[in-house]
Every structure is written in C-alpha cells, then in structure tokens.
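Student: Okay, predicted coordinates and the sequence, questions at the end:
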Amino acid sequence: MIFTGHGGYEGVSHRANPYEMVINHEYLNYLRYVWSVTHGGSHRVISTIKKIRRNCKNSKAILKTPYIEVEEGSKFLNKELKNKYKNYKAPVLYFAYDPKKYILNGGSRNRLDNVALQGAFCDVRYMIPYLDYRVINYVSSIPRYQFLRGRRNRFIFREAFKDIMPKSLYRVTDKADNSVKNLKPDSDWYDNYKSYKDKTISGFDREKWCRMLDFSEIEFFENKGKPDEEEKGRDYQILNKMSECLVAQNALDKARESSQKLSSL
C-alpha cells in the first residue's frame with residue numbers, strides 16, 4: 001500500500017507560480033507580489049519590470065509548449081517528430097496554473113486511472129488522502145495570491161502543517177531536495193548513477209520508440225563519462241524523463257496483454 005499526495009497538487013499543496021495570478025485576473029496582487037520580491041535591490045522599479053516581463057514571457061511559453069522542459073530533452077527526440085510539432089499549439093497546461101480547470105477537463109481523472117492501472121498490475125493499492133472533494137472545493141475557493149509568500153510556494157500547505165513537521169522540511173523549496181542538509185555525500189554515487197542509466201536505456205523497446213526518439217543521441221548520452229557537478233543535475237533530469245517513457249511503455253504492454261486475454265475469453 002502506498003500513500004500518495006495526488007490531489008494535493010490540485011488543492012492543498014499546489015505549487016503556485018506568480019503567473020497564475022495573471023491567468024486568474026488577480027493583477028493588483030500580482031504587481032504587489034513582484035514588487036515585494038525586489039525589496040532591497042537597486043533600481044527597484046526597473047528590476048520589477050524585468051521580472052514581470054521575464055515571468056510572463058517564460059511562464060506563458062511553458063504553459064503552451066507541446067512538451068515540458070524541451071530545452072533539456074529536445075535533442076533526444078526524433079527530428080521528424082520535432083518538426084511535426086514545431087508550430088503545434090498544445091492545449092493550455094491547466095495543471096500548472098489553473099487547478100480547477102485541470103480537474104474539470106479530466107486531467108486529474110486521467111492520472112487516477114493511470115495509477116489504478118499500474119497499481120493493479122503491481123499488486124499495489126494507492127491511498128490518496130488529499131483527494132476529498134470537500135478539501136479540494138475549499139482550497140479552490142482561496143485566492144491564488146495566498147499560495148505564495150515571498151519566494152516560498154506551497155505556503156498554505158506549509159502553514160497548515162508547520163507545527164507538526166520538522167523545520168528543515170518546512171524550509172525545503174524543491175521537492176527533490178532533502179529536508180536535512182547535513183547528509184554525508186554518497187561516495188558511490190557514480191556507480192549507482194551508471195547502473196541507473198544502463199538499466200534505464202536498456203529497457204527501451206527500440207521498435208516502439210524509433211519514430212519518436214533519436215537513438216544515436218541516446219547512445220552518445222549512454223557512453224558519456226562521469227558528469228561534472230554542473231552536468232550532474234541535468235543528466236539526472238534526462239534519466240528521469242527516460243524513466244517516464246519506460247513507465248508509459250510498460251503500461252502500454254500490460255494494457256495490450258490484458259486486451260488479448262480478454263479477447264480470448
């Protein structure tokens with residue numbers, strides 16, 4: 001049995017972006033927020049204008065991109081696939097900026113169906129404590145600017161659990177960070193990383209992915225040596241995206257296997 005935070009993203013622990021206030025027409029609160037984060041800096045008015053321009057431009061681009069983090073993984077995509085979707089206008093990524101529309105458009109249900117399917121094949125039951133319509137309805141009614149305080153997001157979630165969670169966890173800004181910063185460095189990290197990389201790349205069914213992925217680039221990445229500290233985080237991100245592809249591949253294989261069994265009954 002696994003307890004998952006799904007449902008929290010659409011409500012309680014939603015990771016807000018300042019641009020979300022623009023989407024929800026909270027313009028005055030948006031200006032107040034950007035002005036607050038430039039406090040103490042030189043040329044504050046100019047810095048605020050630059051932040052607004054950068055936030056609106058970058059966030060809007062991510063909001064409408066056909067695939068997320070394209071700058072990290074685009075070279076691994078098949079060139080024909082990239083050209084095909086070069087000017088494609090994807091549906092708005094409501095998950096990141098408008099949780100209510102995300103739920104109403106079926107995005108949350110799709111994730112639940114995927115979790116249920118994969119859990120059934122792995123004999124795992126997922127428990128989702130945040131997925132209570134009363135909680136979601138309540139949190140969805142809260143103005144979006146309340147989710148941000150300074151540079152710290154998930155503010156409502158943090159404050160609700162402030163008295164029962166460790167201070168180190170309360171201060172975490174990235175969900176991939178450890179709540180305790182004094183952990184000793186892993187001296188065997190490269191051996192573990194290389195094992196993870198080899199296992200991930202060898203798991204691809206090339207026949208299924210040849211129209212979508214450029215395996216010459218993947219092989220180059222596979223044979224690359226030890227990444228430096230600057231490359232390390234980016235390479236882990238790439239591997240995580242590849243792992244998501246394998247999850248999709250596994251789900252497809254299992255679904256086809258089940259379909260064949262059912263058709264033979």
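Tutor: Okay, I see it. Residues are numbered from 1 along each chain as shown.
Student: Using the record's assignment, carve the chain into domains.
Tutor: As assigned by automatic domain parsing, the chain contains the domains 2-63+98-144, 189-263.
Student: quick one: average confidence on the last one?
Tutor: Throughout domain 189-263, pLDDT has a mean value of 89.
Student: Off-centre distance for it?
Tutor: 17 Å (C-alpha atoms, centre = their mean, to the nearest Å).
Student: Please apply the same query to stretch 32-48.
Tutor: 28 Å.
Student: among the domains of the chain, which is nearest Asn178?
Tutor: Evaluated over these, closeness to Asn178 peaks at domain 189-263, with 13.7 Å, by C-beta to C-beta. Heads up, the C-betas are built off the backbone N, CA and C, glycines and all.
Student: Span of the closest one from start to end?
Tutor: 47 Å (C-alpha to C-alpha, to the nearest Å).
Student: Could you list the low-pLDDT ranges of this protein?
Tutor: Low-confidence segments of the chain (pLDDT under 70): 8-10, 64-73, 88-92, 175-176, 181-183.
Student: Which helix in it has the most residues?
Tutor: Identified as the longest helix of the chain according to DSSP state H is helix 229-263.
Student: re the thing from before, would you reformat the domains of the chain as TSV and include distance to Lys82?
Tutor: Shown next, in TSV, are the domains of the chain (distance: least, C-beta to C-beta, whole Å):
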stretch	distance to Lys82
domain 2-63+98-144	16
domain 189-263	9
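Student: how about the strands in the stretch 101-250 of the chain?
Tutor: 126-127 (DSSP state E, counting those that start in this stretch).
Student: where along it do the helices fall?
Tutor: 107-121, 133-140, 155-160, 167-170, 189-202, 206-209, 215-223, 229-263 (DSSP state H, counting those that start in this stretch).
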